[in-house]
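Peer 1: give me a 3D structure for the following:
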Amino acid sequence: MSLFSFPEDFVFGAATSAYQVEGAVNKDGRGESTWDRFCKLPGRIWNNDSGDIACGQYHFYKEDVEIMKDLNLNAYRFSIAWPRIFPKGERKPNPKGLDYYHKLIDELLKNEIEPFVTLFHWDLPQALEDKYGGWRSKEVSKIFADYCAYVVDNLKDKVKYWTTINEIS
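Peer 2: Numbering: from 1, shown residues only. Below is the predicted model:
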């Protein structure tokens, strides 16, 4: 595929959600998400599939970025898994979770692929659903603001483009 038929400033990319591609749901301190729990309910998901392994991007992000580069992509819109950053949804952050996103973003930038970050796409921490009733609670909106501030503060030197929510779940 050639980019020559597109305007010079055209953003040619791909988009994913963390739950669809990362896998590694029990790796490095990631907490349970509402989708983890939902997928375990019999008959809810075709073939009883889940995001437990997904595409394995958590382990194979370098190879994935290499494929993006081979496709001549210059942008990648991905989401950050809230329960990977705050396993219980609030209070204590998980440094290993944040480290994964630093490595992914560094690899993208090294390959001249602009990161477009979505802060929430499907994966509410299950602990917030259990404790507050999820998005139905105003408290979760406040906690979301704290989560967003933490992530942006830690990645703002590398990321120019941010989206708050894509598909609330």
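Peer 1: Cys39: neighbour count?
Peer 2: Residues lying near Cys39 (other Cβ atoms under 10 Å) number 17. C-betas here are computed from N, CA, C, even on glycine.
Peer 1: likewise for Pro93?
Peer 2: 16.
Peer 1: three-state assignment of it?
Peer 2: coil (DSSP: H, G, I helix; E, B strand; the rest coil).
Peer 1: ditto for the one 5 residues further on
Peer 2: In the three-state summary, Leu98 is assigned as helix, counting by three-state DSSP.
Peer 1: my guess is it contacts Asn154, does it?
Peer 2: Yes - using Cβ atoms under 8 Å, Leu98 is in contact with Asn154, at 5.8 Å.
Peer 1: how about the longest helix that the chain contains: buried residues?
Peer 2: Identified as the longest helix of the chain according to DSSP state H is helix 138-155. By 16 or more other Cβ atoms under 10 Å, the buried positions in helix 138-155 come out as 140, 143-144, 147-148, 151, 154-155.
Peer 1: following the chain onward from it, which element is next?
Peer 2: Counting by DSSP states H and E, the element after helix 138-155 in chain order, helix or strand, is strand 161-165.
Peer 1: got the angle for that following strand vs helix 138-155?
Peer 2: Calculated by axes from the mean of the first three to the mean of the last three Cα atoms, to 10 degrees, strand 161-165 forms an angle of 160 degrees with helix 138-155.
Peer 1: can you list the buried residues of helix 138-155 in JSON lines and add distance to Gly51 and pLDDT?
Peer 2: Formatted as JSON lines, the buried residues of helix 138-155 follow (distance: Cβ to Cβ, whole Å; pLDDT from 0 to 100):
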{"residue": "Val140", "distance to Gly51": "21", "pLDDT": "98"}
{"residue": "Ile143", "distance to Gly51": "22", "pLDDT": "98"}
{"residue": "Phe144", "distance to Gly51": "21", "pLDDT": "98"}
{"residue": "Tyr147", "distance to Gly51": "19", "pLDDT": "98"}
{"residue": "Cys148", "distance to Gly51": "22", "pLDDT": "98"}
{"residue": "Val151", "distance to Gly51": "20", "pLDDT": "98"}
{"residue": "Asn154", "distance to Gly51": "24", "pLDDT": "98"}
{"residue": "Leu155", "distance to Gly51": "22", "pLDDT": "98"}
